[in-house]
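K.L.:
predicted model, plus sequence, below.
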Amino acid sequence: MRVLLDSCVPRQLGNRLVGREVRTAPELGWGDLDDGPLLDVMADQFDALVTVDKSLPKQQNLSMRLFGVVVLRAKSNRLEDLLPLVPELIETLDKLGPGEVRDLGG
């Protein structure tokens with residue numbers, strides 16, 4: 001599975017997603033792209049987008065996308081706050097289908 005971490009997600013989180021090909025938007029030069037252009041450019045290169053941007057599913061039509069989106073909900077986007085979600089994130093990525101949006105955490 002090919003996973004893209006949005007700019008708002010710490011790159012170190014990718015180290016916890018063992019067995020997946022993980023890249024970050026900034027390392028690919030996509031860090032400054034708005035949501036729509038980012039979703040377009042990643043479409044044929046990734047199976048999933050991981051973000052903490054809670055508004056993304058409301059602002060973008062994701063149902064027809066060729067990848068799924070996981071929205072991490074934590075106290076902040078700091079690695080320490082996101083790490084408790086990693087087990088559920090791994091499980092979710094394994095089941096995530098194209099056009100699906102999953103919220104994790106609270």
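P.N.:
Done, it's in.

K.L.:
is it true that R102 lies in a strand?
P.N.:
Yes. Counting by DSSP: H, G, I helix; E, B strand; the rest coil, R102 falls inside a strand.

K.L.:
so it bridges to which residues?
P.N.:
Here R102 sits in beta bridges with V70, as judged by DSSP bridges.

K.L.:
for stretch 65-82, what is the average pLDDT?
P.N.:
Regarding stretch 65-82, the rounded mean pLDDT is 97.

K.L.:
for that stretch, what is the distance to the chain centroid?
P.N.:
The chain centre lies 6 Å from the centre of stretch 65-82; the measure is C-alpha atoms, centre = their mean, to the nearest Å.

K.L.:
what does it contact?
P.N.:
Outside stretch 65-82, the residues that touch it by C-beta atoms under 8 Å, 6 or more residues apart in numbering are 8-10, 12-13, 39, 42-44, 46-54, 56-57, 62, 84-85, 89, 92-93, 96-106. Every C-beta, even on glycine, is put in place using the N, C-alpha and C of the backbone.

K.L.:
would you quantify the distance from the residue nearest the centre of the chain to D6?
P.N.:
Centroid-nearest residue in the chain: V50, 0.9 Å away (criterion: C-alpha atoms, centre = their mean). Using C-beta to C-beta, to the nearest Å, one gets 7 Å for the distance from V50 to D6.

K.L.:
nearest residue to Q45 other than its sequence neighbours?
P.N.:
Of all residues not flanking Q45 in the chain, R2 sits nearest, at 6.7 Å (C-beta to C-beta, 6 or more residues apart in numbering).

K.L.:
actually G99, not the one I wrote
P.N.:
Excluding its sequence neighbours, the residue lying closest to G99 (C-beta to C-beta, 6+ apart) is S63, at 4.7 Å.

K.L.:
the residue nearest to Q45 and R20 touch, don't they?
P.N.:
Yes. Applying C-beta atoms under 8 Å as the test, R2 and R20 come out as touching, 7.3 Å apart.
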